[in-house]
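1. Here is a sequence together with a model predicted from it:
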Protein chains: 4
Amino acid sequence: MAILQVSVVPVGTSTTSLSSWVAECLRLLAAYPNLKHELTPMGTVIEGSLEDALNAARDMHEVLFKIGAQRVLTTISIDDRRDRRLTLRSKVDSVVKKLKE
Amino acid sequence: MAILQVSVVPVGTSTTSLSSWVAECLRLLAAYPNLKHELTPMGTVIEGSLEDALNAARDMHEVLFKIGAQRVLTTISIDDRRDRRLTLRSKVDSVVKKLKE
Amino acid sequence: MAILQVSVVPVGTSTTSLSSWVAECLRLLAAYPNLKHELTPMGTVIEGSLEDALNAARDMHEVLFKIGAQRVLTTISIDDRRDRRLTLRSKVDSVVKKLKE
Amino acid sequence: MAILQVSVVPVGTSTTSLSSWVAECLRLLAAYPNLKHELTPMGTVIEGSLEDALNAARDMHEVLFKIGAQRVLTTISIDDRRDRRLTLRSKVDSVVKKLKE
């Protein structure tokens, strides 16, 4: 299990709004029932197997071309821990627990 | 108003856990009453003036050295939009609205 | 053709040095004769087909576990332009050309 | 001494080219004689004191608004090592040395 953050940016669009591009990326995550995801203000975080999550990230990148982008900048950040199972929730929870100590 | 995501990684720590380092970063954000922040699975997102937010990011980087790190990798992602006011909430809300259309 | 930057960070290593981990990543790029790559101070930049480059990035991430890491943070930045061919060289050259104007 | 990588992306420009924006960022680095910098295919890497380098990064972000951008996404990656002096050159050299071993 890995956690990925994916952020996509189309370059050379006529407007400064990015939300409709991001919405399209989120829609295609429905095709990945084994992945959990969460939208944050700076990207989409995904939990699942590294392989599935990377495939999803690639699809999110690709879909922007399908809906009109000619240049896309995508950043994928992977946090992959194999001595313990990471989840979207456990990552936040362990920090919150430390804050209360 | 800008939105920043800050993630800090100490290098050469003896354990694979990062949560106590991140907790220390969050604690110091109390010194910035003008900034809103939110912990996500892959970083801390901050809303506020670019100047305050960058100062906070730098403090988050610096505090890791104070508590023992000798090498720190910090990533700061800035989303700064000046034709409209961005907030942590509005960024997520506009995508959710598009998803419902 | 896409340009990728890949940076890998093992967490919980006992020393602050990262160079031997990065060297291992570069070694495996020999298995990708269709990719050009260049080592920069902050990561490895790769030029080639998106598919090959993403496979290489995944291998670079994976090899760190093979040589002992238990947690790995990898960042992959993709610049993919389909209205013109991007190369490692052309990206730098176009900026240099603008600087001389 | 720290090493930073800075990459700037204007959103909502009418063309897919980014080189003239990047050239403008590089021009202003002349105002920082204490910083060394190097243009790579995926960003500008800077060597110098953390304070100077962060100020330069902020200027690079800001200049895009001065020349017409209304939304700018900037990524700053910091590598700050305090047990040894890092330079742009030493980072690459240590990997190359490991590759030859």
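-> Sure thing, it's come through. Numbers count the residues shown, from 1 in each chain, chains lettered A, B, ... in the order given.
2. Name the strands paired with the longest strand along chain A and say parallel or antiparallel.
-> In chain A, assigned by DSSP state E, the strand with the most residues is strand A:71-81. Applying DSSP bridges, strand A:71-81 is found paired with strand A:2-10 (antiparallel), strand C:71-81 (antiparallel).
3. So which of the ones you listed is nearest D:Val11?
-> Set against D:Val11 and scored by CB to CB, the strands paired with strand A:71-81 come closest in strand A:2-10, at 6.7 Å. C-beta coordinates here come from the backbone N, C-alpha and C atoms, glycine included.
4. Would you tell me what the next helix or strand after the closest one is?
-> For strand A:2-10, the succeeding helix or strand toward the C-terminus, using DSSP states H and E, is helix A:19-28.
5. Low-confidence ranges, chain A, go.
-> Residue ranges of chain A with pLDDT under 70: none are present.
6. near chain B, which residues of it show up?
-> For chain A, the contact set with chain B under CB under 8 Å from any CB of the partner chain comprises A:3, A:5, A:7, A:16-17, A:19-20, A:22-23, A:26-27, A:38-43, A:45, A:47, A:77, A:79, A:81, A:83-84, A:88-89, A:91-92, A:94-99.
7. Can I have the buried ones of the residues you listed as a ChimeraX selection?
-> Command for ChimeraX, covering only those of the residues of chain A next to chain B found buried under the criterion 16 or more other CB atoms under 10 Å in any protein chain shown:
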select /A:3,5,7,16,17,19,20,22,23,26,38,39,40,41,42,43,45,47,77,79,81,88,91,92,94,95,98
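8. Who are the packing partners of the longest helix seen in chain A?
-> The single longest helix within chain A, with elements called by DSSP state H, is helix A:50-66. Counting contacts by 3 or more CB pairs under 8 Å, 6 or more residues apart in numbering or on different chains; DSSP states H and E, helix A:50-66 is packed against strand A:2-10, helix A:19-28, strand A:43-48, strand A:71-81, helix C:50-66, strand C:71-81.
9. Quick check: buried residues in that helix?
-> For helix A:50-66, using 16+ other CB under 10 Å, the buried residues are A:50, A:52-64.
10. Of those, which is the nearest to B:Ala69?
-> Minimum distance to B:Ala69 across the buried residues of helix A:50-66 is 27.1 Å, recorded for A:Leu50 (CB to CB).
11. Am I right that that closest one is in contact with A:Asn34?
-> No - counting by CB atoms under 8 Å, A:Leu50 sits too far from A:Asn34 to count as a contact (11.9 Å).
12. rewinding a little: please work out which residues outside the next helix or strand after the longest strand of chain A touch it.
-> Later in the chain than strand A:71-81, the nearest helix or strand by DSSP H and E is helix A:88-100. If you take CB atoms under 8 Å, 6 or more residues apart in numbering or on different chains as the criterion, helix A:88-100 is touched by A:3, A:36, A:38, A:45, A:47, A:79, B:17, B:19-20, B:22-23, B:26-27, B:39-42.
13. quick one on the thing from earlier: now do the longest helix of chain A against helix C:50-66, angle only.
-> Orientation check (axes from the mean of the first three to the mean of the last three CA atoms, to 10 degrees): helix A:50-66 against helix C:50-66 gives 160 degrees.
14. what sits up against helix A:50-66?
-> Outside helix A:50-66, the residues that touch it by CB under 8 Å, 6+ apart are A:2, A:4, A:6, A:8, A:10, A:21, A:24-25, A:28-29, A:31-32, A:34-35, A:44, A:46-48, A:72, A:74, A:76, A:78, A:80, C:50, C:54, C:58, C:61, C:78, C:80, C:82.
15. now those residues: which count as buried?
-> Counted by 16+ other CB under 10 Å, the contacts of helix A:50-66 give A:2, A:4, A:6, A:8, A:10, A:21, A:24-25, A:29, A:32, A:35, A:44, A:46-48, A:72, A:74, A:76, A:78, A:80, C:50, C:54, C:58, C:61, C:78, C:80 as buried.
16. what about stretch A:39-56, distance to the chain center?
-> Here stretch A:39-56 is found 3 Å from its chain centre; the criterion is CA atoms, centre = their mean, to the nearest Å.
17. With just CA atoms, put it into PDB.
-> Taking Å, rounded to 0.1, in the frame of the first residue of the first chain, the C-alpha atoms of stretch A:39-56 are listed here in PDB:
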ATOM      1  CA  LEU A  39      -9.400  15.800  -2.700                       C
ATOM      2  CA  THR A  40      -7.200  18.400  -0.900                       C
ATOM      3  CA  PRO A  41      -6.700  22.000  -1.700                       C
ATOM      4  CA  MET A  42      -3.400  21.200  -3.500                       C
ATOM      5  CA  GLY A  43      -4.000  17.900  -5.100                       C
ATOM      6  CA  THR A  44      -5.600  14.500  -5.000                       C
ATOM      7  CA  VAL A  45      -4.300  12.000  -2.500                       C
ATOM      8  CA  ILE A  46      -4.700   8.300  -3.300                       C
ATOM      9  CA  GLU A  47      -4.300   5.200  -1.200                       C
ATOM     10  CA  GLY A  48      -3.900   1.800  -2.700                       C
ATOM     11  CA  SER A  49      -1.400  -0.500  -4.400                       C
ATOM     12  CA  LEU A  50       1.500   1.300  -5.900                       C
ATOM     13  CA  GLU A  51       0.700  -0.200  -9.300                       C
ATOM     14  CA  ASP A  52      -2.900   0.800  -9.300                       C
ATOM     15  CA  ALA A  53      -2.200   4.300  -8.000                       C
ATOM     16  CA  LEU A  54       0.500   4.900 -10.600                       C
ATOM     17  CA  ASN A  55      -1.900   3.800 -13.300                       C
ATOM     18  CA  ALA A  56      -4.500   6.100 -12.000                       C
END
